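Student: Predicted structure and sequence below. I'll ask about it afterward.
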Amino acid sequence: MTIIDKTSNVPAPRSAPEGTPLLEVRDLHVEFHTRDGVAKAVNGVSYSVSAGETLAVLGESGSGKSVTAQAIMGILDMPPGKIPHGEILFQGTDLLKLPAEEFRKVRGSKIAMIFQDALSSLNPVHTVGAQLGEMFRVHRGMSKKDATAKAVELMDRVKIPAAKARVGDYPHQFSGGMRQRIMIAMAMALEPDLIIADEPTTALDVTVQAQVMDLLAELQREMNMGLILITHDLGVVADVADKIAVMYGGRIVETAPVHEIYSRPAHPYTRGLLDSIPRLDQKGQELYAIKGLPPNLLNIPSGCAFNPRCPKAQDICRTDVPVLHSVTEQDGTEMPGRGSACHFWKEQLHG
Amino acid sequence: MTDTQIAGAPSAGAVVSKGGRKKKKDREASLWSDAIDDLRRNPVFLIGAFLVLCLLVISAVPQWFTDGSPFDSTACVLQDSLKTPSAEHWFGYDIQGCDVYTRTVWAARNSVIVGIVTTTLVTVIGGALGLLAGWTGGIVDSILSRFTEIFFAIPLLLGGMLIMSALPGNAWTVSLVLAILGWPQIFRIMRSSVLQNKNNDYVVAARALGAGTLRITLRHILPNAIAPVIVVGAISLGVYISAEAALSYLGIGVQPPEISWGLMVSDASVRWLQAPHVLLFPAVALSITVLAFIMVGDAVRDALDPKLR
Amino acid sequence: MAELTKNATEREPILQVRNLVKHFPLTQGILFKKQVGAVKAVDGVSFDLYRGETLGIVGESGCGKSTVAKLLMSLEKATAGEVFYKGQDITKLSGKALKAVRRNIQMVFQDPYTSLNPRMTVGDIIGEPFEIHPEVAPKGDRRRKVQELLDVVGLNPEYINRYPHQFSGGQRQRIGIARGLALNPEIIICDEPVSALDVSVQAQVINLMEKLQDEFDLSYVFIAHDLSIVRHISDRVGVMYLGKMAEIGSDAEIYEHPTHPYTQALLSAVPVPDPGAREGRERIILTGDVPSPANPPSGCRFRTRCWKAEERCATEEPLLAIPSRFHGVNTPAAHESACHFAEEKAILAV
């Protein structure tokens, strides 16, 4: 029945464990060669995620958030995609340098992905049991019977009611929320160290969204996995993330621990996003709106990609690409984990 | 305050310069006028259209292009049988000692009639019924679809033989038979294309504005549904010309003394190793014809899609 | 409170919806179809829309909110019930009379990519209303009118000869809005008008819609699933669940004093963009999924997921009315709610 929880299932933020991170992306570039020119989808992205940690990558369509994830998973279409530069270090090994066969072994067993659209990610002509079981048969060489038993176990684990009876059902026989659970079960099947969830709840209804996010958080905690959550929803981020990377025009424009970014953004784009959320006291007034449109990846503005839309843009913003500055307090105290790719981060943060 | 800046966005701004064509500010653009504009500049269309035009002229007045006539029995001398091309007789002679060039030119008429008449009939019948079935849905769709399936079940040659046995064998009857057996293909393409498009929001939006069935069909459904029909139509034109050949070969198509490329190809195929040129020239004429129509069809389809301009 | 007095004194409803029902038959058979059941998409919905106000309708997928939009637009034939526009029941109209009403009720669609015909120029798209209703603008005047409309929605009037694919999502939604405005309607039905847009562009479109509402004295029925946007734009809000209206009231009544368990669950499930709120925040997490509208539960439709459900809920359908416990009590909780056990529950507002 209904659960009313006062304590919240969501993990509390914790400090990143010592040592090497689980995954580290370094200066990743991805471009797509199209008929109309080269679309620079990712232009030097670096981020890291540790075991048990949740990194939220926030951005609009075309910000490069999903392309980065696809590069990590090795599922970019190449060509037209190309990675001219960058490293993806997973437990210390650069995935981009691995032979295709080795990469394939890592994918699925050590890194798994959950997609937005569960219906099109599941094969409509096979039962969910067969699809879940396939993971074990391919990667673990289990027999058909054992694999099915494992599939039922997994379905139980993601709280699909009457798992035993439904293991022989086809994807279309499940509701949207249940399908997303099956996707999660599939991703969890081989107990990966890292899960990448690309807009996992965007297609779901609000009340189902909460169930699915809770399940994901719970499993993550149980298995101490790293989670990269890709989303455009500031609300979802606030609910589950430990740290945030905000992307715009293929670059990270701001990084911060989740608690700080909402109260004190250090980049005008983040500020704009936060301001455009309708607030109670704004009722009847005009909403704050970031003017203009997201950049065209074929023709990214020179200097800071955000400069044509930025209320604070100066000449330097049109000429110089801002690096990701480490952000400090006014008195120079470090703010760990915080960075802003804005020439005027001081004014933005302290002004 | 933000509004005007949005309007000057780069994505929309880039498009005007791309085509390199300067639009007069007050010209009222529409799909068709833009399409014609586009076709005039498209070399593929121009070449294709030129070839089609030539073909039509040749079919209409073959005597302008050759002095001989295939119906002049004295023109063929058995001595010349299977002679290879020469300066005077570019295409050489066939087994009967007739000039292949003359025959190829005169044969154009029947082949072009079969190709164009059949394609027109098939597109009009199949397209109209497909549009009706897709748009109306319900019982009309069910009846029409089942009716079409019956036609689909008839093999082309068997059905052709059956009907042709009761009709005189000439280009017009062959066209009619091919059309009767060929329209279900276009029907199905049109129907599924309409079904795909009719639930789009812009159709709903037009209904919400109070648009009538005729307007919705002509302005919204048809322009969006017609593309695959044009392509398949252009490609099947060649198929029909070849099908006529098959019927002729079986003795139920265009009958001698009438000639067609199909007939020539089937005659020549018997000893093509011995005299390849007899097969080559009508076959090349047929291929060029098919290519020309495909070029035109492709260009028209692209011109009707603003995204490809 | 200001809201209530305004409604009571000043205005008469411009649109009255009464017991609206839409059942889609489920059929079987190849040639002769026979009905084997019905999807009860909308099953007895009533509400009023006042001049110049925005009525928000929220609910999850499958609750019937989009079908309500289609019924209000007469795009679907209602199975039963009435929609009175200025006293005239428009569900019974057809032909000329319906066309005349359409001038006054227009629609803005969710998907800016499928709602504009890709093979028409912007001029043709926005000008089409004038071709269908030639009496609105004389022929020579239309082009100028289209350019005026482009200007009103914040697009460059010189874009008149362009095609939809040359615009971004937000710009296309503006084109859709311009088309909706062309006939000078009094009511605009907006079906998820911003949910397909990027976050930073949503605010632009919402602002435009509010500006236009003031400028042309429009009434909006604003259908959406984003609760914070609905709250921002709406004067009153209705919450739908499985084809029925669960609760309806002013925005403050619904968001701050919800009395229906479903509304409470919905509000509490919305992720709040404030990480400080995640500890200690009470969340009601519903189990299970929305039942199929082809076979809805007896009695109260929400009872299968409700933590308050008792036997009475399975047998007796709760009516949408001010709950008896609030009768004669002057409280914002005293608004229409279809629950036998309606009571206030403090939920952290969106």
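Tutor: Nice, I can see it. Predicted model only: the values in this text are computed from it and were never measured.

Student: need the longest helix for chain B.
Tutor: helix B:100-136 (DSSP state H).

Student: The helix or strand following that one near chain C anywhere?
Tutor: The helix or strand immediately downstream of helix B:100-136 is helix B:138-152, counting by DSSP states H and E. Yes - using CB under 8 Å from any CB of the partner chain, helix B:138-152 reaches chain C at B:139, B:142-143, B:146. In this view, the C-beta of every residue, glycine as well, is placed from N, C-alpha and C.

Student: Can you show me the strands along the stretch 101-250 of chain C?
Tutor: With DSSP state E, counting those that start in this stretch as the criterion, the stretch 101-250 of chain C has strands at C:105-108, C:187-191, C:219-224, C:236-241, C:244-250.

Student: same deal with the stretch 201-350 of chain A?
Tutor: Under DSSP E, counting those that start in this stretch, the stretch 201-350 of chain A gives strands at A:226-231, A:243-248, A:251-257, A:325-328, A:334-340.

Student: What are the buried residues along the last one?
Tutor: Just to be clear, that refers to strand A:334-340. Neighbour-count burial for strand A:334-340 flags A:335, A:337-340 (criterion: 16 or more other CB atoms under 10 Å in any protein chain shown).

Student: Of the residues you listed, just say which sits nearest to residue C:340.
Tutor: Nearest to residue C:340 among the buried residues of strand A:334-340, counting by CB to CB, is residue A:337 at 50.7 Å.

Student: would CSV of the buried residues of strand A:334-340 with distance to chain C and pLDDT be doable?
Tutor: Listed next are these as CSV, based on distance: CB to the nearest CB, whole Å; pLDDT from 0 to 100:
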residue, distance to chain C, pLDDT
A:335, 16, 83
A:337, 14, 85
A:338, 15, 89
A:339, 18, 90
A:340, 18, 91
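
Student: that older thread, for the longest helix of chain B, the averaged confidence score.
Tutor: What helix B:100-136 shows for mean pLDDT is 89.

Student: One more: stretch A:161-179?
Tutor: Rounded mean pLDDT across stretch A:161-179 is 84.

Student: ok, it near chain C or not?
Tutor: Yes - counting by CB under 8 Å from any CB, contacts between stretch A:161-179 and chain C involve A:161, A:175-178.

Student: Could you turn the buried ones of those into a ChimeraX selection?
Tutor: Selecting the buried subset of the residues of stretch A:161-179 next to chain C in ChimeraX, with 16+ other CB under 10 Å as the burial test, is done by:
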select /A:175,176,177,178
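
Student: So which of the residues of stretch A:161-179 next to chain C sit within helices?
Tutor: Per DSSP H, the residues of stretch A:161-179 next to chain C map to helices at A:176-178.

Student: Going by distance to chain B, which of the residues you listed wins?
Tutor: residue A:176 (20.6 Å; CB to the nearest CB).

Student: show me what contacts that closest one?
Tutor: A:118-119, A:203-205, A:208, C:61, C:289 (CB atoms under 8 Å, 6 or more residues apart in numbering or on different chains).

Student: Farthest-apart pair in the residues of stretch A:161-179 next to chain C, please.
Tutor: A:161 and A:176 (15.4 Å).

Student: Kindly list the main-chain dihedrals of residue B:206?
Tutor: phi -60, psi -40 (degrees, to the nearest 10).

Student: which residues touch it?
Tutor: Residue B:206 touches B:215-216, B:219-220, C:117, C:128, counting by CB under 8 Å, 6+ apart.

Student: Among these, which lie within helices?
Tutor: When these are checked against helices (DSSP H), the matches are B:215, C:128.

Student: Of the residues of helix B:138-152 next to chain C, grab the buried ones for PyMOL.
Tutor: In PyMOL syntax, the buried subset of the residues of helix B:138-152 next to chain C is picked out as below (16+ other CB under 10 Å):
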select buried, chain B and resi 142
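
Student: Looking at the residues of helix B:138-152 next to chain C, which is nearest residue A:155?
Tutor: The closest of these, once distances to residue A:155 are taken by CB to CB, is residue B:142, at 40.3 Å.

Student: That closest one and residue B:193, how far apart?
Tutor: Distance, residue B:142 to residue B:193, by CB to CB, to the nearest Å: 19 Å.

Student: Also residue B:160?
Tutor: 27 Å.

Student: pLDDT wise, what is the residue of chain C found nearest chain B at?
Tutor: Using CB to the nearest CB, the single residue of chain C nearest to chain B is residue C:154, 2.8 Å away. Note on residue C:154: pLDDT of 89.

Student: quick revisit: make JSON lines out of the strands of the stretch 101-250 of chain C and add mean pLDDT.
Tutor: Below are the strands of the stretch 101-250 of chain C laid out as JSON lines (pLDDT from 0 to 100):
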{"stretch": "strand C:105-108", "mean pLDDT": "93"}
{"stretch": "strand C:187-191", "mean pLDDT": "94"}
{"stretch": "strand C:219-224", "mean pLDDT": "94"}
{"stretch": "strand C:236-241", "mean pLDDT": "94"}
{"stretch": "strand C:244-250", "mean pLDDT": "93"}
